[in-house]
Structures are given as C-alpha cells and as structure tokens.
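1. kindly return the folded structure for what I paste below:
(chains A and B)
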Protein chains: 2
Amino acid sequence: MASKKKDKKKDKINDDTETAAKKDKKKGWSLILSSIIAGLLGAFVYRLYVSYVVVPELPKFDLDVWWGSGPRSSQDISIRPYRILLLDSMQENIRRKFEAYRRATKIKSLNESSSYGLNSDNLGQIFAHWQFKYNYRERTRYFNKYDHFKTNIQGLDMHFVHVKPTTPGNVRVLPLLLLHGWPSSVKDFYEMIPLLTTPRTGYDFVFEIIAPSLPGFAHSQGAARPGLTTYEIAIIMRNLMKRIGFNQFYIHGGDIGHAIGSHMATIFPNQILGFHTTTPINYSYLASMGWFIGSICPKCLLDNYVRDKMYPLSDKLSFYLEESGYFHLQSTKPDTIGIALQDSPLGLAAYIIERYLLYTNPNSKFTPEEAFSGYNMTDLLDNVMLYWSTGSITTSLRLFKETVRNYEMEQVLARIPTSVPTWGLRTKNDLFHQNDNIIRWKYPNLRGLTNLEVGGHFPAFEIPSEVASDIFKSVKKFLLTKKV
Amino acid sequence: MASKKKDKKKDKINDDTETAAKKDKKKGWSLILSSIIAGLLGAFVYRLYVSYVVVPELPKFDLDVWWGSGPRSSQDISIRPYRILLLDSMQENIRRKFEAYRRATKIKSLNESSSYGLNSDNLGQIFAHWQFKYNYRERTRYFNKYDHFKTNIQGLDMHFVHVKPTTPGNVRVLPLLLLHGWPSSVKDFYEMIPLLTTPRTGYDFVFEIIAPSLPGFAHSQGAARPGLTTYEIAIIMRNLMKRIGFNQFYIHGGDIGHAIGSHMATIFPNQILGFHTTTPINYSYLASMGWFIGSICPKCLLDNYVRDKMYPLSDKLSFYLEESGYFHLQSTKPDTIGIALQDSPLGLAAYIIERYLLYTNPNSKFTPEEAFSGYNMTDLLDNVMLYWSTGSITTSLRLFKETVRNYEMEQVLARIPTSVPTWGLRTKNDLFHQNDNIIRWKYPNLRGLTNLEVGGHFPAFEIPSEVASDIFKSVKKFLLTKKV
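-> Model (predicted):
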C-alpha cells in the first residue's frame, strides 16, 4: 500500500513536473504569441502615429513648373491691361440657345421637386431674369469698374483684378491677395473691394487688392497638362504676387481659396504676413477623426457655437452624402459633365446657382419660393457669366480631380503647422465647423476666431461688410506682433 | 503573545471572510455585468438576424397607384398604335445647337484626358458622326420597323414595342417581356428581337415580344409625383402585360430591368413563368456582406469565373468609387444635372455614351483611340436620340433618387426568395459578379448560370445573338418543369 502510495506520489510529482513543463511551454508560447501581437499592435500604432500625427518635413517643391501648351521660350512676362467683355455676339448666341431650350417635366409637388435638385420654378425665375433683365452692356461696365490685368505665370495667362487705394499720407497701404473658391469667381469680392480700399476710423491702414481668377477659372488659362492641384496653384499665386511686385503680403480666402491660402502659408511662411480665412478648417485626417471621436460626447468637448453646427454627427453625415454628388462626379469625371455644362447656359446657371442657394441656406431646398430672398439675381448671374463667357467650367471642375488625385500631398501639407498669423471667420450656415483647438494644430499662431450668426459658405459675396470689418480687425491684430 | 497570535488569526479569518464577501460581491457584479453585455450582444445579433437574415413577409402593395397629372376619370385605356418620329424640325434644332457649340480646352496627353471623363477626341468623333452621318429619315424608318403602341397605365402613357412572330403551326409562341435599364432603351433589343421571334432548330417555341420604355424613359411618360421606384414600376409592368392580354409571361432584363424583373418575380410569382437576367445579382445587404467576407479567402469560396472578377476587393472598390459619381449625383440631385443634359445634345451624348464605353470595356478610358471599336456609332446615337427626342433624361434620372429613397423596401424585397424559375447570364466585363450560392438565396429556383468570356453590362445590345441563344436555352429548361 505504502509503495503504491509512494508511486502515486511519484506519479503526482511526475505529473506535476510534466504539468509544470507543459505550463512552461504554454507560458513560452503565450509569451511569444503575446510578444508578436504586442509587436504587431505596436507597429500598427506606430504606423498610425507616423502617418497621421508626426509632423512631416516640408517637401521640396519645384517653384517653376511649366503648365502651358506653348514652349517656355514663348513666354511673355509683361503685365498687360485687360478688359472683361460680354459681347453682343455672345448675347446673340445665348438668345439662340434660349430659343432652342425645352422645359422639362415638372413634378407636381413644389417642395418635393425642390429636393430633387434645382426647383423648376426657380429655374424659371433665372431664365426670365437672364432673358429680360440681365443687361450685357451695363454688366460689362460693372465688371470693368476695377482695373484688370493679365500676365503669364509658368506658361498660363493669369487674370487678376488690381485695385490701388487713394489714401491720405498717414495711412499705410498693405497688399492683400483675395482667393476665391468654386463655383465662385472674382465677382464674389466686387462689393467688398471698395470697403477694403477705403480708410476707416480706428485703422491706420487700407489694402491694395489683388484678386486673381484661379488657373482654369474664368479669364485665367487652364493647364495644358494634368497635375495642377491646390498646392501647385499656391506656387503660381506666390509667383504672380512676386511678378506684380509683392514679396510679402496678406491673404484672404475661402473654400478652395482657403486651401490655396493655407498651402501658401505653409510653403512660404516668410512671405505671408497674415492669413484671414472664411473656411477655418484643419483638414488633416487626425482632425477629421477628432470630429468623429467628439460625437461620443459633444457636450464635453466643444464650445456652443461649433457644437450645434457639427452634431448630431448622423445629421451632418447625411447632409454631406445628400449634397456631395457634384463633388463625387467632378473629382472623377470632370470632362464628361463639363461637356453639357459648357454647352447649356441654363444648365450651367442651374448647376452653379443651386450650390449658392444651398450652401448659403441649406433650407432653401424646402422653401423654393424663398430661395432667392437675400440675393440679387443679377449678382448670381454675373458669376455664372464669368464661367460662361470664358467657357471655363470644365477646367474649373478638373481642379477637383487633381486635388483628390494628389490627396496624399494635401495631407502632408495639412499636417505641417504654419507660423503665419491666422484669423478665422465662421458663419452660421457654413458647411464644416471645427473646434478651436483642432484648428490650432494646423494654425498654432491663430490670433482669433469670429463667430457670426449670419452668412453661409460664400461670406465675401453674401455679407461683404462683415467680412471686410473682420479682415481689418484681424490685420490690426497681426500688426501688433509682426511688422511689415 | 498567544492571545495576540489568536487575534491575528481572528483578524485573518475576518479578513478572509471579508475578502470572500468582497469576492462574492464582485462575482455578483461581474455576473450582472456579463449578463447585461450578453443580453445586449444577444439583442444586437438578434436585431441583425431579423433585419438581414429572416425572410420578411411580402408587403401588400396597392396595385393601382395613380401616377398621372390628370384626373383618374380622364384615363383612356385603349391601346393605340404609335410611331417614333425624328422630325426635320428636331434636326434643325440640333443643327442650331451644334452651331452654337464651343469646344472645350483639351488636355495635352490623350490618355490622361480620357481618365478625366469622355476624351475630347472621342467627343469629336461623336460630333462628326451626328453632324454628317446620322440620317434622321433613315433612322425613323429603322425605329418603326417594329410595331409601336401606347396605352395608359395608372395615369401614365406607356410606350411599348410589340412584335408577333409568324410561325409554322407546330411552333408554340411564348410571351416575353424585355426590360431595359439606364442609360438604355428599347434600342438595346433591336438586333435581338428578330432572333427571338424566328424559329430555331432544337426548339419548338418562339417568342412574342413586348418591349416597353420604362416610365419616364423615352416615349413613356414620367410620373407627375414622387415615389415611382423600381417596385412600383414592376406593378406598372404587370398591369401593362395584363392590358395587352398576358396573365402569364416570361421576363428578360438587365441593369434596372433586372431589378424590376426581380420584383415582378417576387410580387407576382404565379404570373411570371420564368426570369432570364443578364445581371444575376442578389443585392440584399447580407449578400453584399458575403462579398466582403469572401475577400478574406477568395480561393476558399468561389468558382474561378466569378473570383477573378470580384477580387481583389480593393481594386473593385476603387473602380466603383471612380465610376459611381454619376450615380451619386443622380440619386441626390437628378433635376439639377438634368437641366444641362436635356439642353445640350452633345452633353447628353457624352454622358450616356461614356457609360456605354466604360461599362462594356473598363479599359476604354485608357485606350480612347479604340473606344468605339466593336461599336457602330449610329447604334449608340440611336439610343441617345430616344432620350433626346423625347426630352426624357431628367425623368429617367429621377428613378435613381426614387430607388435610393425607398431602399428599405428594396431591401425587404431583395430578402424574399422567389419561386420563379430563373436563369442568369454573366458576362466578362459586367460591373458586379456574385457567387452562385449567394444568387440562390434570392433565386432558389435558379436553373442555371451561363458564364461568357465576352460582353459587358449591356449584353442585349453588345452580343444579341449570344443573349438570344441563352434566352432560348433557359426557357427550354424552364419548360421542362413548368408548363404554360
């Protein structure tokens, strides 16, 4: 019995030893396995960190890329005066196109029809105004009330408005570059320019205005080869300002003009004295992630102004989905849709004006009878005419494709903070809003943000006096620390 | 000392009791917590199960919804002969529009330009053919080589082609409904119709053809109010066939025609004798999930034919992203884009023909010089003319919005299997491919699938004789078990 017991004990010891060995083996395996998992996880987190968090080095850009169709030797670098013309022959062409226009099937319910796209009654109003009230000769005079010029930059004939203020001797003149977006044009700035060039109480400076048409937009030539994305335009804009004679200057921009201005502040921080944006957005992936994460508890994270405009997330996402079809098409097949838009004046007007209506007042689609309230139809058609008269809608659409195709570089630039003093103007109905601290990742020298309870995505056009005042205010702040 | 020891022991016992109590409490909590988690998880899984797996009951549909603008009392239910006309005045209108057309900026590199959308050289070819080679009178004769009719269904004047075969006495005549998609029309079937109506060796039947224009497409009237989605069209189609005199019939369809045919087979299983589809797809969420899950190990799951066409997943997803801009725009703002497309003949042609080129040969965008190889330009323009001459592009685009808006019901119908005998024809370059067993979830009575190494998304138009043969083959199989 004793021996059996002993045996058992022995067995038990053996068992124990075996179990211990097994355990050790198991331990070894689980150690290896967890090391591998930890390693993989670490590598993954590190990859995320490097891709989205670490500030990359500023890439070297070729500052003299050639975008023209002609040879470099043919370049004329003079600055030539230019006039915007709406010719009688153009009016005749449009009249013929209007005659050949056929109305589409209406849907009975007005409200429903409006949610299908531009309401047919709204189209009728545009049509009537363009046919009977839009005066080509008078608008030609209006367009030319400022001085226009053209000069060739990197192979492209660039058009720009140049307005020099007349000032008393004690008022400084500061150069200001105005950058429009899509589907905007220099027209967006027409009412704001006199406000910026006129001295005002409390300020010892005014602005000298340079407002270019972006390459491929209206009177500026489109690229003859692919690749002209926002940061390449940033380089063209800096070269244009240099050509005109400004090595240092201020920038105001919104929409694509914001992206271009932001790239200029990033690539040429010493040349940009200050950046005023009406689209104060950090569009790095990390910033977008912040928006998603913020949805877990909007109350914890955000100031009131922004919170109500960014959340609930699902509402915003479904709004973007509903309203981004044009973006999707333009960033993939700009040429196809461009063929129809540059052949049909009413089609172009509908396509452009729908964005103006919706992006200034998202409820306009539910109240088509009020869609144009607060708008002067002539103003809206002026903008359409700049695209129409130059046949430039297709080249303007291509910018979406270029930007999406080069999104990696866009992201690199979005992650590099700029030292340029920056000021943001936020409007009630703008498309995107972002929390202050997230904007500061990209613009650590953010001097302030203005929150308005009016306006939408085209504030320079909608509320020019508010925007002009804000530009004055921001530049005064910029001047306190950085001297020209 | 001893008493102290005792105390310590006591303490230890007390401690143990306390720990045990704590442990019990912890156990209790963790039990509650894990029950809650398990409950939530269970509820979630159950919800997924109910939403995506459980077969819902067939909803009750109103089979007599009124879509017209006029009152119900005004309906004329006669079947009237109809002729398709391409009038001289229409040609004159197009000529004027052509005269007023301005060419857009070209991008230098042909290949790049083609990836921006329809290549400008390809547009030039379309333009030249339409201007100089497209013969309106000859095409009018061509369109009218079959008998056309109109009749009012649920308030809408529906157009259809009706071809009765002339047959020897021993050959049966089976009614076959042909359903086109977007941007197709009855033109897709023009070369296939004689093949279907002519007796062939080995078959004791031929087909009597009814090929309607979908409501809102070409010569069929669009709805006067919102909501006309694919399953509502399925009801209209069934009512149209009833009006013509067929209570039971076969269906052939592709693209949207597949969706409509599939809904008919689901809602009216006793009236559909067999369903032949060139888009054999189960588009329930669960089926799509199968595609994603399959990407873990494509080799394990799929037959060769389908596997190479569905994976790698990332390639397919980026293809869909690149090619679905039109879909995104149409399913959100059909009216806006429609204004330009119905005003510009070349814009419409570019928009439609681009889809034909790309969806039959996705490489055509990289080889624009070969884009039209295998196509007769007159055939492509015939299809465009059916949209153009009727000004129906906008109403055709609205179907995308309706279908996306009513996607929940689409999903319900996608999850209800149909008992109708079904046959699928798969082509090499079609947009979506799906594994056999996933198709069988929706079509348990799937009698077979044909795999072709030719053709794309519009097989009836591209390879009419292959499709006609396949229809004969499938109906022969259907007849083996189900008698007319």
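
2. when you work out contacts or count neighbours from here on, use the C-alpha atoms and nothing else.
-> Fine.

3. pretty sure A:R200 sits in a strand.
-> No. Residue assignment for A:R200, taken from DSSP: H, G, I helix; E, B strand; the rest coil, gives coil, which places it outside any strand.

4. contact partners for it?
-> A:R200 makes contacts with A:V206, as judged by C-alpha atoms under 8 Å, 6 or more residues apart in numbering or on different chains.

5. residues touching the residue of the stretch 1-150 of chain A found nearest chain B, list them.
-> The stretch 1-150 of chain A approaches chain B most closely through A:G117 (4.3 Å), counting by C-alpha to the nearest C-alpha. Counting by C-alpha under 8 Å, 6+ apart, A:G117 touches A:E354, A:K365, B:T332, B:K333, B:P334, B:D335, B:T336, B:I337.

6. helix, strand, or coil at it?
-> coil.

7. could you pull out the strands for the stretch 251-400 of chain A?
-> Using DSSP state E, counting those that start in this stretch, the strands of the stretch 251-400 of chain A run over A:272-277.

8. now do the helices in it.
-> When assigned using DSSP state H, counting those that start in this stretch, the helices of the stretch 251-400 of chain A occupy the ranges A:256-267, A:285-294, A:298-301, A:304-310, A:313-323, A:325-330, A:334-341, A:345-360, A:377-390, A:393-405.

9. mean pLDDT and mean neighbour count added to those, as CSV?
-> Below are the helices of the stretch 251-400 of chain A laid out as CSV (pLDDT from 0 to 100; neighbours: other C-alpha atoms under 10 Å in any protein chain shown):
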stretch, mean pLDDT, mean neighbour count
helix A:256-267, 98, 26
helix A:285-294, 88, 16
helix A:298-301, 77, 14
helix A:304-310, 87, 17
helix A:313-323, 92, 14
helix A:325-330, 96, 23
helix A:334-341, 94, 28
helix A:345-360, 95, 23
helix A:377-390, 97, 20
helix A:393-405, 95, 23
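
10. can you redo those helices as JSON lines with distance to chain B?
-> Below are the helices of the stretch 251-400 of chain A laid out as JSON lines (distance: least, C-alpha to the nearest C-alpha, whole Å):
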{"stretch": "helix A:256-267", "distance to chain B": "20"}
{"stretch": "helix A:285-294", "distance to chain B": "19"}
{"stretch": "helix A:298-301", "distance to chain B": "24"}
{"stretch": "helix A:304-310", "distance to chain B": "22"}
{"stretch": "helix A:313-323", "distance to chain B": "6"}
{"stretch": "helix A:325-330", "distance to chain B": "4"}
{"stretch": "helix A:334-341", "distance to chain B": "4"}
{"stretch": "helix A:345-360", "distance to chain B": "4"}
{"stretch": "helix A:377-390", "distance to chain B": "10"}
{"stretch": "helix A:393-405", "distance to chain B": "7"}
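
11. closest to B:T230 out of those helices?
-> Nearest to B:T230, of all these, is helix A:313-323, at 20.4 Å by C-alpha to C-alpha.

12. now the angle from the closest one to helix A:285-294?
-> Here the directions of helix A:313-323 and helix A:285-294 differ by 130 degrees (axes from the mean of the first three to the mean of the last three C-alpha atoms, to 10 degrees).

13. tilt between helix A:313-323 and helix A:345-360?
-> 170 degrees.

14. re earlier: contact partners for the residue nearest to the residue of the stretch 1-150 of chain A closest to chain B when sequence neighbours are not counted?
-> In this structure, A:G117 finds its nearest non-sequential neighbour in B:K333, 4.3 Å apart by C-alpha to C-alpha, 6 or more residues apart in numbering or on different chains. Contacts for B:K333 (C-alpha under 8 Å, 6+ apart) come out as A:S115, A:Y116, A:G117, A:L118, A:G325, B:K401.

15. show me what contacts the fourth one?
-> Yep, that's A:L118 we're talking about. So A:L118 contacts A:A350, A:Y351, A:E354, A:K365, B:K333, B:D335, B:T336 (C-alpha under 8 Å, 6+ apart).

16. want to throw these into TSV with distance to B:Y407?
-> Shown next, in TSV, are the contacts of A:L118 (distance: C-alpha to C-alpha, whole Å):
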residue	distance to B:Y407
A:A350	28
A:Y351	26
A:E354	26
A:K365	22
B:K333	17
B:D335	20
B:T336	22
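
17. from these, which is closest to A:S74?
-> A:Y351 (37.0 Å).

18. correct me if wrong: that closest one contacts B:T336.
-> Yes. Counting by C-alpha atoms under 8 Å, A:Y351 touches B:T336, with 6.0 Å between them.

19. can you pull out the strands in the stretch 1-150 of chain A?
-> Going by DSSP E, counting those that start in this stretch, the stretch 1-150 of chain A shows strands at A:79-82, A:147-153.

20. coming back round to it: quick check, nearest of the contacts of A:L118 to B:L452?
-> Nearest to B:L452 among those is B:K333, at 36.1 Å by C-alpha to C-alpha.

21. quick one: that closest one and A:P368, what's the gap?
-> 15 Å (C-alpha to C-alpha, to the nearest Å).

22. low-confidence ranges in chain A?
-> Within chain A, the segments meeting pLDDT under 70 span A:1-23, A:103-113, A:301-302, A:482-484.

23. repeat the analysis, applying 50 as the threshold.
-> Scanning chain A for pLDDT under 50 picks out A:1-2, A:483-484.

24. related to what we said a few turns ago, for B:W388, find the nearest of the helices of the stretch 251-400 of chain A.
-> Comparing the helices of the stretch 251-400 of chain A by C-alpha to C-alpha, helix A:334-341 comes nearest, at 13.0 Å.

25. which outside residues touch the closest one?
-> Contacts with helix A:334-341, where a contact means C-alpha under 8 Å, 6+ apart, come from A:329-330, A:347-348, A:351, A:393-394, A:397-398, A:400-401, B:104, B:116-119, B:340-341, B:343-348, B:350-351, B:354.

26. then stretch A:257-273?
-> So stretch A:257-273 is contacted by A:58, A:178-181, A:230-231, A:233-235, A:238, A:247-253, A:275, A:277-280, A:413, A:416-421, A:478, A:482, A:484 (C-alpha under 8 Å, 6+ apart).

27. same question, stretch A:159-167
-> By C-alpha under 8 Å, 6+ apart, the list of residues contacting stretch A:159-167 reads A:146-151, A:173, A:186, A:193, A:197-199, A:206-213, A:219-220.

28. swap the cut-off to 7 Å and go again
-> By C-alpha atoms under 7 Å, 6 or more residues apart in numbering or on different chains, the residues outside stretch A:159-167 that reach it are A:146-151, A:197-198, A:207-213, A:219-220.

29. and the residues you listed, which are buried?
-> Buried by 16 or more other C-alpha atoms under 10 Å in any protein chain shown: A:146, A:148-151, A:197, A:207-213, A:219-220, out of those.

30. is stretch A:224-235 anywhere near chain B?
-> Yes. Using C-alpha under 7 Å from any C-alpha of the partner chain, stretch A:224-235 reaches chain B at A:A224, A:R225.

31. ok, back up a step: looking at the contacts of stretch A:257-273, which are in helices?
-> A:T230, A:Y231, A:I233, A:A234, A:I235, A:R238, A:L413, A:F478 (DSSP state H).

32. and for A:G169, the neighbour number?
-> 7 (other C-alpha atoms under 10 Å in any protein chain shown).

33. that one falls within a helix, correct?
-> No. Under three-state DSSP, A:G169 sits outside any helix and is assigned coil.

34. before we move on, the earlier item: from the ones in helices among the contacts of stretch A:257-273, pick the one nearest B:G448.
-> For the ones in helices among the contacts of stretch A:257-273, the nearest to B:G448 is A:T230 (52.6 Å; C-alpha to C-alpha).

35. can you give the domain ranges for chain A?
-> Following the TED database, chain A resolves into domains at A:23-54, A:79-481.

36. need these in a markdown table (columns: distance to B:L156).
-> Putting the domains of chain A into a markdown table (distance: least, C-alpha to C-alpha, whole Å) gives the following:
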| stretch | distance to B:L156 |
| --- | --- |
| domain A:23-54 | 56 |
| domain A:79-481 | 13 |
